[in-house]
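*Asks:* when you get a sec, could you give me coordinates for this:
(one chain, ligands or ions: 1)
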Amino acid sequence: MDSAMTTGMHHHLIAGKDVASPASFESRNPSRQDDLVGVFPEATLDQVRLACDVARSAYAGWRTTPAPIRGQIIGQIGRAIEREQEPLSRLMSREMGKTLKEARGDVQEAIDTCHFFQSEGRRLYGQTVPSEMRNKELMTYRRPLGVVGVITAGNFPVAVPSWKLIPALLTGNTIVWKPSEDAPTTAYALARLFEEGGLPDGVLNVVFGGGAGAAGEFLVEMLDEHRLDKIAFTGSTAVGRHIGAIAGRNLTHPTLELGGKNPMIVMRDADLDNAVVGALWAAFGTAGQRCTSLGNLILDEPIAAVFQERFLAAVATIKIGDPGRFDDVLYGPFINERFYHAWHAHYDWGRADGATLAYGRGRITAENRPTGYRGDPNSGLYGWPTVWTNVRPGMRIFQTETFGPTVNLVTVDGIDEAIAVANSVDYGLSSAIYTQNRLWAFTFKENIQAGMSSINNSTTGAEAHMPFGGIKGSGNGTRESGIWVLDHYTYWHGVNDELSGKLQLAQMDTEYGQMRAPYRVAPLADPR
Ligand code: NAD
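*Replies:* From the prediction side, this is the model:
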């Protein structure tokens, strides 16, 4: 990857050309504010409109490109990403502050998604269906939707866009993508690798800019102008609801992948060492800035005290710092100032709720730092790992996504109360249980309100061929990844082919079989 490409002024990518805007914004390394990663144009309404019109023009050619050829191009994109995995991961880590290990995983998810969808181009099956009449054939086809608007969050700058872009392209749609303003340089590099893979000009267009009152909102407005056939969004629940309403009034089905407040249950028979490790990773990895981060840790009463003691001891050992300088940190800085302020506000709620602050002291500074902090904390916004105890359902800190390094400990008595407490939030994205009891694991699996569940593993993590998504406030039931995502970028087209040479009417001309004379089973004589 050309490193010059990742610094300085960038452009929108519209119709395969670089397009500039009058206004711009900067992307800076959240670990070191003096490190300018890239400068990006702020798209105007007219530029977003242009991008949609370009995507519309490219649609006819892309839609009719044979699906196996579209799949082959997806494979080539995967190979280009694979070749650039290391510099792309390093760029991501620098631009949004996740550790290099996690950034590599983020990029690997895109590679895996390409591998999966490359061969889906050779399937993309429809069905042949028997007709109720003679000399007539019925069949179904998947058809693309048209022009898809994609808006993504910055905490998974490669994996999350790939979950949308790759299946949407494979199925024959063209795209206008508005990446997160938190990781535009990573998005730009990813888009260039898509281009390298062989996409014709105009099939994938990228416009940069902010959300409300800017490029993101302009793109959503394109639904009302009938320039988009679908919008696919990953981000906060509040914005998702707003987008869902606009999509609804245009009778389109949006993909909405939203926030979470994910529970993990630790039962009395759990392997506690394993559960401590899982909880630590789930709560504090990426500084809690994952949709699948652990929010409420639900402890079965007999092990609550001992688990809490071991967990707090483990929290005190967490290493934090600039992932660009230290390989062994568990987490780095807040991705942006907005996330830091939103997270910090929960300290007031927790106190007002009457919960007990067992660990954590807000922002890490030179004067206020945990022993595991490395480097200069004033160069970015870093949060203390924070643990609340004596938390109950209904408390604001129990209900609200903090999107930072905070976890609540809630004590319950037995599996039924554990599941009831886990379900008493408005979200339903991910969930986990630690237990050796197969019936408890089964009871959890049957009753938990979540799109994804882990048994004896963390709340986080995804594989490219499993459905990803939530219920309740976490989304509208659409799914990313695997075969399930295909339904969200295609519609089913049913075709009937009349071969008889005459008008045959279903139901009316159907030769239904007639019942014959009734056969009655003779009752047996009573043996007594
Ligand atoms: P956000 O909703 O503020 O922003 C997400 C994207 O939407 C950005 O590109 C932003 O520019 C754009 N945007 C913001 N306001 C908009 C508007 N009014 N109209 C159109 N676009 C707009 O989200 P965020 O706070 O940056 O991201 C964190 C949230 O995303 C968390 O709630 C997290 O749980 C969620 N998330 C969910 C998933 C998932 O798959 N379910 C994955 C990652 C993040």
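
*Asks:* contacts and neighbour counts: CA atoms only from here.
*Replies:* Will do.

*Asks:* show residues contacting stretch 48-64.
*Replies:* Stretch 48-64 is touched from outside by 14-15, 144, 146-147, 171-176, 200-207, 215, 218-219, 222, 227-228, with contacts defined as C-alpha atoms under 8 Å, 6 or more residues apart in numbering.

*Asks:* from those, which would you call buried?
*Replies:* 14-15, 144, 146-147, 171-176, 201-207, 215, 218-219, 222, 227-228 (16 or more other C-alpha atoms under 10 Å).

*Asks:* so which of the residues you listed belong to strands?
*Replies:* Ile14, Pro144, Val147, Thr174, Ile175, Val176, Leu204, Asn205, Val206 (DSSP state E).

*Asks:* find the residue closest to the second one in space, skipping its chain neighbours.
*Replies:* The reference is to Pro144. Distances taken as C-alpha to C-alpha, 6 or more residues apart in numbering place Thr490 nearest to Pro144, at 4.5 Å, with adjacent residues excluded.

*Asks:* contacts only, for that neighbour.
*Replies:* With C-alpha under 8 Å, 6+ apart, Thr490 has these contacts: Arg142, Arg143, Pro144, Leu145, Thr171.

*Asks:* so the second one makes contact with Asn173?
*Replies:* No. With the criterion set as C-alpha atoms under 8 Å, Arg143 and Asn173 do not qualify as a contacting pair; they are 9.1 Å apart.

*Asks:* touching the lengthiest helix in the chain from outside, list them.
*Replies:* Assignment by DSSP state H gives helix 100-120 as the longest helix of the chain. Contact partners of helix 100-120, identified using C-alpha under 8 Å, 6+ apart, comprise 68, 70-75, 77-79, 81-82, 85-86, 88-90, 92-93, 156-159, 162-163, 166-167, 170, 286, 323-324, 327, 463-465, 481-482.

*Asks:* just the buried ones out of those, please.
*Replies:* 68, 70-75, 77-79, 81-82, 85-86, 88-90, 92-93, 156-159, 162-163, 166-167, 170, 286, 323-324, 464-465, 481-482.

*Asks:* list the contacts for Asp18?
*Replies:* Contacts were defined as C-alpha under 8 Å, 6+ apart; by that measure Asp18 touches His11, His12.

*Asks:* next SSE downstream of the helix or strand hosting it?
*Replies:* According to DSSP states H and E, Asp18 maps onto strand 17-19. Using DSSP H and E, the helix or strand that follows strand 17-19 in sequence is strand 24-28.

*Asks:* quick check: mean pLDDT of that following strand?
*Replies:* Average pLDDT, strand 24-28: 97.

*Asks:* pull the CA atoms of it into CSV?
*Replies:* In CSV, the C-alpha atoms belonging to strand 24-28 read as follows (Å, rounded to 0.1, in the frame of the first residue of the first chain):
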residue,chain,number,x,y,z
SER,A,24,-13.0,19.5,4.7
PHE,A,25,-12.4,17.7,8.0
GLU,A,26,-9.4,16.1,9.6
SER,A,27,-8.9,12.6,10.9
ARG,A,28,-6.4,12.4,13.7
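
*Asks:* just checking, what packs against it?
*Replies:* strand 36-41 (3 or more C-alpha pairs under 8 Å, 6 or more residues apart in numbering; DSSP states H and E).

*Asks:* ok, and does the helix or strand just after the strand it packs on reach over to the ligand?
*Replies:* Counting by DSSP H and E, the element after strand 36-41 in chain order, helix or strand, is helix 45-63. No. In terms of C-alpha under 6 Å from any ligand atom, no part of helix 45-63 sits within range of the ligand; the closest distance is 12.2 Å.

*Asks:* on contacts alone, who are the packing partners of the helix or strand encompassing Asn296?
*Replies:* Using DSSP H and E, Asn296 maps to strand 294-300. With contacts taken as 3+ C-alpha pairs under 8 Å, 6+ apart, strand 294-300 sits against strand 262-266, helix 272-284, strand 406-412, helix 415-422.

*Asks:* and the stretch 401-528 of the chain, which residues reach the ligand?
*Replies:* Going by C-alpha under 6 Å from any ligand atom, the residues of the stretch 401-528 of the chain near the ligand are Gly469.

*Asks:* ok, Asp112 - how many residues close by?
*Replies:* Neighbours of Asp112 under the rule other C-alpha atoms under 10 Å: 18.

*Asks:* my bad, Gly248
*Replies:* Counted with other C-alpha under 10 Å, the neighbours of Gly248 add up to 13.

*Asks:* how about Ser24?
*Replies:* Count around Ser24 with other C-alpha under 10 Å applied: 16.

*Asks:* that older thread, any bit of the longest helix of the chain sitting next to the ligand?
*Replies:* No. Helix 100-120 is not in contact with the ligand by C-alpha under 6 Å from any ligand atom; minimum separation 11.7 Å.

*Asks:* so what does the helix or strand that comes right after that helix touch, helix or strand wise?
*Replies:* Counting by DSSP H and E, the next helix or strand C-terminal to helix 100-120 is strand 128-130. Packing partners of strand 128-130 (3+ C-alpha pairs under 8 Å, 6+ apart): strand 136-144.

*Asks:* so what does the strand it packs on touch, helix or strand wise?
*Replies:* Strand 136-144 packs on strand 128-130, strand 490-498, going by 3+ C-alpha pairs under 8 Å, 6+ apart.

*Asks:* partners of it, with directions?
*Replies:* strand 128-130 (antiparallel), strand 490-498 (antiparallel) (DSSP bridges).

*Asks:* mind putting the ones you listed into TSV with distance to Leu272?
*Replies:* Below are these laid out as TSV (distance: least, C-alpha to C-alpha, whole Å):
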stretch	distance to Leu272
strand 128-130	52
strand 490-498	45
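
*Asks:* mind putting those into JSON lines with mean pLDDT?
*Replies:* Output for the strands paired with strand 136-144, formatted as JSON lines (pLDDT from 0 to 100):
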{"stretch": "strand 128-130", "mean pLDDT": "97"}
{"stretch": "strand 490-498", "mean pLDDT": "98"}
